[in-house]
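Undergrad: Below are the sequence and a predicted model; questions follow.
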Amino acid sequence: MSSFAKAAGVFKSVDYEVFGRVQGVCFRMYTEDEARKLGVVGWVKNTRQGTVTGQVQGPEDKVNAMKAWLSKVGSPSSRIARTNFSNEKEITKLDFSGFNTRY
């Protein structure tokens, strides 16, 4: 992201859903930790379908780093089959002040 974009207050927002062995393996806790390390905001939660879903917002480079983590890394015991991203868009303000787990 260019310094001009940061000065203009442009952020990126994306929804995600992670498939595979992602429940019962501390995936949400590790997602929260990674998001805080990267400095992105949003949320994560388990679904009834056995996936993990959520939303990430922040500077484009940090959101892209989080997308890579959600696609390839995850928690140590997880096995990510695939990650779907949707509603990717530019936003001018963040909708969240931190990153947390929803129930």
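TA: Cool, the structure landed. Because the structure is a prediction, the values reported are computed rather than measured.

Undergrad: Name the spans of this structure whose pLDDT lies under the cut-off.
TA: 1-8 (pLDDT under 70).

Undergrad: Who does the residue nearest to the spatial centre of it form a beta bridge with?
TA: Among the residues of the chain, the one closest to the centroid is residue 56, at 4.0 Å (CA atoms, centre = their mean). Beta-bridge pairing of residue 56 under DSSP bridges involves residue 14, residue 42.

Undergrad: Let me see the contact set for it.
TA: Residue 56 is in contact with 13, 14, 16, 35, 40, 41, 42, 63, 66, 67, 70, counting by CB atoms under 8 Å, 6 or more residues apart in numbering. (Glycine included, C-beta is placed from N, CA and C.)

Undergrad: now swap in residue 95 and tell me
TA: Applying CB under 8 Å, 6+ apart to residue 95 gives the contacts 13, 41, 57.

Undergrad: Neighbour count added to those residues, as JSON lines?
TA: Shown next, in JSON lines, are these (neighbours: other CB atoms under 10 Å):
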{"residue": "13", "neighbour count": "20"}
{"residue": "41", "neighbour count": "21"}
{"residue": "57", "neighbour count": "23"}
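
Undergrad: Which secondary structure elements does the biggest strand by length in the chain sit against?
TA: Secondary structure of the chain per DSSP state E: the longest strand is strand 79-91. Contacts defined by 3 or more CB pairs under 8 Å, 6 or more residues apart in numbering; DSSP states H and E place strand 79-91 against strand 11-21, helix 60-72.

Undergrad: okay, these, which one's buried deepest?
TA: strand 11-21 (a mean of 19; mean count of other CB atoms under 10 Å).

Undergrad: mind giving me JSON lines with the helices and strands packed on strand 79-91 and columns for distance to residue 81?
TA: Below are the helices and strands packed on strand 79-91 laid out as JSON lines (distance: least, CB to CB, whole Å):
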{"stretch": "strand 11-21", "distance to residue 81": "4"}
{"stretch": "helix 60-72", "distance to residue 81": "11"}
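
Undergrad: Kindly state which of these is positioned closest to residue 92.
TA: strand 11-21 (7.2 Å; CB to CB).
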